[in-house]
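>>> Got a predicted structure here, sequence first:
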Amino acid sequence: MKIIKKVLLALLVLFVIAQFFGPDKNEGDVASMNAFLVETTPPEEVKLILKESCFDCHSDVTRYPWYNSITPINYWLAGHIEHGKKEFNMSNWEGNSIKRKDHKFEELIEMVEAKDMPLNSYTWSHTEAKLSDAQIKAVVNWAKRVRLKYGLEPLPQ
């Protein structure tokens, strides 16, 4: 019994010490998304959807929930954000080629239509991010218009 108490006490001490450490936060400037928003011209409805359902993991601007202060949850969230930005980053849009931008929108359409985005693990705690069928249609229609635009632009020489 003494060993179990010592192990539990040691784990508690480690947990408390771990609270003083955490990953860097993803708290960039909202202006970092201007190039994306200007180039893709989402309607107001889609802008709101992007803000509520996409920006946290796919831009340099994240609204953190209260439980992000708890280690190891903050590391888990940071991993999701890092992965999301690697796949599709609205804050790092300007440096991408037309071909890459078009491909990212192709993937966006597939993921949203299949209801794979936003992730279920995200919508559990952000219920406002769950997309209705009408919202999915609005995002997909906008994304298809953007792809059409990219298909018409000449490739750089």
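Nice, thanks for sending it over.
>>> all contacts plus neighbour counts: C-alpha atoms, from now on.
Will do.
>>> Who are the contact partners of the one residue sitting closest to the centre of the chain?
The C-alpha lying nearest the average C-alpha coordinate of the chain belongs to C57 (Cα atoms, centre = their mean; 1.6 Å). Residues near C57 by Cα atoms under 8 Å, 6 or more residues apart in numbering: 80-82, 84-85.
>>> So, low pLDDT: which residues of the protein?
Along the chain, the model assigns pLDDT under 70 to residues 1, 18, 152-157.
>>> and the longest helix for it?
Longest helix in the chain by number of residues (criterion: DSSP state H): helix 133-152.
>>> Which residues does that one contact?
Helix 133-152 has contacts (Cα under 8 Å, 6+ apart) with 40, 42-43, 45-46, 49, 98-99, 101-102, 105-106, 108-109, 112-113.
>>> mind running it again at 10 Å?
39-43, 45-47, 49-50, 98-115, 117, 130-132 (Cα atoms under 10 Å, 6 or more residues apart in numbering).
>>> So W66 versus K149, what's the distance?
Going from W66 to K149 by Cα to Cα, to the nearest Å gives 40 Å.
>>> For the two, indicate the residue with more neighbours.
Legend: neighbour count by other Cα atoms under 10 Å for W66 and K149, higher for K149 (14 against 7).
>>> coming back round to it: buried stuff in the longest helix of the chain?
Judged by neighbour count using 16 or more other Cα atoms under 10 Å, the buried positions of helix 133-152 are 136, 138-140, 142-147, 150.
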